[in-house]
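S.K.: No sequence on hand, only this structure:
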């Protein structure tokens, strides 16, 4: 049994899913993996089922009927994990933009060094992004600066999707009230943890853009993040 599980949301990740699963299982620490698949037309879920025969009681699959947002997929995964006995619950992309070798560093930040939430950060030590066009770097970095200005959180990479949560953090957040689904979901989760006084630390990582498969980024996701931050801040003020 493991005390840590990595949630990997998927939609049409057949080109990456087997490699990322094997990479997670190859780490020195024993991690379990939960794939949350949104009924991928490319049969990503079927590939995971085939791999479950090899990784019995280590690899799990949560199948959803449709694609309705990254945030919703993660919330489903969080609820599944909280029903089990995992103490550390991770978010990680399927496309190798997050290096599985950094999982142990995020884990140690919480399990050994006392953080409640550790973030694999692209911006805590300069800008550590590979293969992104300059326009996307500016957009992402600018969004993080904007979030810090509005929310007053000290987190430099608030939109990061490479995260380790202690179980207590997810238990303290009302997951039913998480509103956003894209970039803003990542911001909202960190902001909720920040407002509840949990200790958030950033671990520097090198982020590499995907080389296989198709990005899920869209204009609606970006606009949600921009306007969602203001909404989060206003609601937190009125909640006092």
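M.R.: Thanks, I have it. This structure is a prediction, so every number in the text was calculated from the model and none was measured. Numbers count the residues shown, from 1 in each chain.

S.K.: residues contacting the closest residue to residue 132 other than its chain neighbours?
M.R.: Nearest non-adjacent residue to residue 132, counting by Cβ to Cβ, 6 or more residues apart in numbering: residue 209, 5.2 Å away. Backbone N, C-alpha and C define where each C-beta goes, glycine included. Residue 209 makes contact with 97, 129, 130, 131, 132, according to Cβ atoms under 8 Å, 6 or more residues apart in numbering.

S.K.: want to throw the residues you listed into TSV with neighbour count and pLDDT?
M.R.: Formatted as TSV, the contacts of residue 209 follow (neighbours: other Cβ atoms under 10 Å; pLDDT from 0 to 100):
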residue	neighbour count	pLDDT
97	24	94
129	18	86
130	10	86
131	11	78
132	17	77
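
S.K.: and residue 202, what element?
M.R.: In the assignment (DSSP states H and E), residue 202 maps to strand 200-204.

S.K.: What of residue 185?
M.R.: Using DSSP H and E, residue 185 falls within helix 183-195.

S.K.: what mean pLDDT does that helix have?
M.R.: For helix 183-195, mean pLDDT rounds to 91.

S.K.: got it, and stretch 135-152?
M.R.: Computed over stretch 135-152, the average pLDDT equals 81.

S.K.: Which positions in it come out as buried?
M.R.: 139, 140, 141, 143, 144, 146, 147, 148, 150, 151 (16 or more other Cβ atoms under 10 Å).

S.K.: One more: stretch 93-104?
M.R.: 93, 94, 95, 96, 97, 98, 99, 100, 102, 103.

S.K.: Now flag whichever of the residues you listed is closest to residue 124.
M.R.: residue 102 (12.7 Å; Cβ to Cβ).

S.K.: For residue 80, see how far away the nearest residue to that closest one once chain neighbours are set aside is.
M.R.: Spatial nearest neighbour of residue 102, chain neighbours left out: residue 205 (4.9 Å); criterion: Cβ to Cβ, 6+ apart. The gap separating residue 205 from residue 80 is 25 Å, by Cβ to Cβ, to the nearest Å.

S.K.: out of these two, which sits in the more crowded spot?
M.R.: residue 205 (24 against 17; other Cβ atoms under 10 Å).

S.K.: Who are the contact partners of the more buried one?
M.R.: Taking Cβ under 8 Å, 6+ apart, we find residue 205 in contact with 98, 99, 102, 105, 120, 121, 122, 128, 162.

S.K.: would CSV of those with distance to residue 28, secondary structure and pLDDT be doable?
M.R.: Below are these laid out as CSV (distance: Cβ to Cβ, whole Å; DSSP: H, G, I helix; E, B strand; the rest coil; pLDDT from 0 to 100):
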residue, distance to residue 28, secondary structure, pLDDT
98, 17, coil, 95
99, 14, coil, 96
102, 13, helix, 98
105, 12, helix, 98
120, 18, strand, 97
121, 22, strand, 96
122, 24, coil, 93
128, 23, coil, 89
162, 18, coil, 97
